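the amino acid sequence is not available; the structure is as follows:
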């Protein structure tokens, strides 16, 4: 694992006991570039926590340990930005996983480096797998990008060795894992010594957005940190997951008074 400099270690904010990197989008891309160039023995990991993930990580020790150990922890959720203000240590901006992925694709395309896409629904009937559709859209948008391989996310634990072999065999420089949390973080972290890509990131449903099977919130909602409200309006069944946001804010308020 790449050793963090003193400056990097200090440029963080503690939210519910988890260190989140105080980075702008440009700084996150720069940090990614350093990870890609570092001579590490094991694959580096970027995690993209939101309020729901941090609340879950308080109870899920394995997930919490991964967040503590990750090479880069970006403030994906607007709740983290609000929390930083409550704690009197405001983050400069929200850095979403889906937007960081776009910048990473641009970085890879410029350098003719390759990516492997792992996650989302498999092919069904005449419909292609989501990861395949996403790959096509990515290469159309970023000429020069090499998608070395894809694999859907509907696999069992006993399938992992074959998938790891497939990722390594294709020679991908970067691994994009879209399995949802905590499965995506656990897959990348637990297999980091076996996987050959330089860096991996967990990006939740980003492949669905790229494939066009899920529509991202309009720009107004994105700019005002209301993507959660848009998703809830489109999918009310998410109400249990949305309950994590007020719980998260209550926890932060109590933490700020200590």
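It's in. Small disclaimer: the values here were computed from a predicted structure and weren't measured. Numbering: from 1, shown residues only.

hey, where'd the strands end up in the stretch 151-258 of the chain?
For the stretch 151-258 of the chain, the strands defined by DSSP state E, counting those that start in this stretch occupy 174-178, 199-202.

dump these into a markdown table; add distance to residue 80 and mean neighbour count as well.
C-betas here are computed from N, CA, C, even on glycine. Output for the strands of the stretch 151-258 of the chain, formatted as a markdown table (distance: least, Cβ to Cβ, whole Å; neighbours: other Cβ atoms under 10 Å):
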| stretch | distance to residue 80 | mean neighbour count |
| --- | --- | --- |
| strand 174-178 | 20 | 27 |
| strand 199-202 | 16 | 28 |
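
out of the ones you listed, which gets nearest to residue 120?
strand 174-178 (5.6 Å; Cβ to Cβ).

give me the sheet partners of that closest one and which way each runs.
Strands that pair with strand 174-178, judged by DSSP bridges, come out as strand 114-119 (parallel), strand 199-202 (parallel).

in TSV: these, plus mean pLDDT and distance to residue 82.
Formatted as TSV, these follow (pLDDT from 0 to 100; distance: least, Cβ to Cβ, whole Å):
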stretch	mean pLDDT	distance to residue 82
strand 114-119	98	28
strand 199-202	98	22
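
and of the strands of the stretch 151-258 of the chain, who's closest to residue 11?
Taking those one by one with Cβ to Cβ, strand 199-202 is closest: 19.4 Å.

who touches that closest one?
Strand 199-202 is contacted by residues 32, 35-36, 43-48, 71, 97, 100-101, 104, 174-179, 181, 184-185, 188, 192 when judged by Cβ atoms under 8 Å, 6 or more residues apart in numbering.

any stretches of the protein with poor pLDDT?
1-10, 216-218, 220-244, 256-258 (pLDDT under 70).

all helices for the stretch 1-150 of the chain, in order.
Counting by DSSP state H, counting those that start in this stretch, the stretch 1-150 of the chain has helices at residues 6-10, 25-37, 51-59, 61-69, 78-86, 97-110, 130-141.
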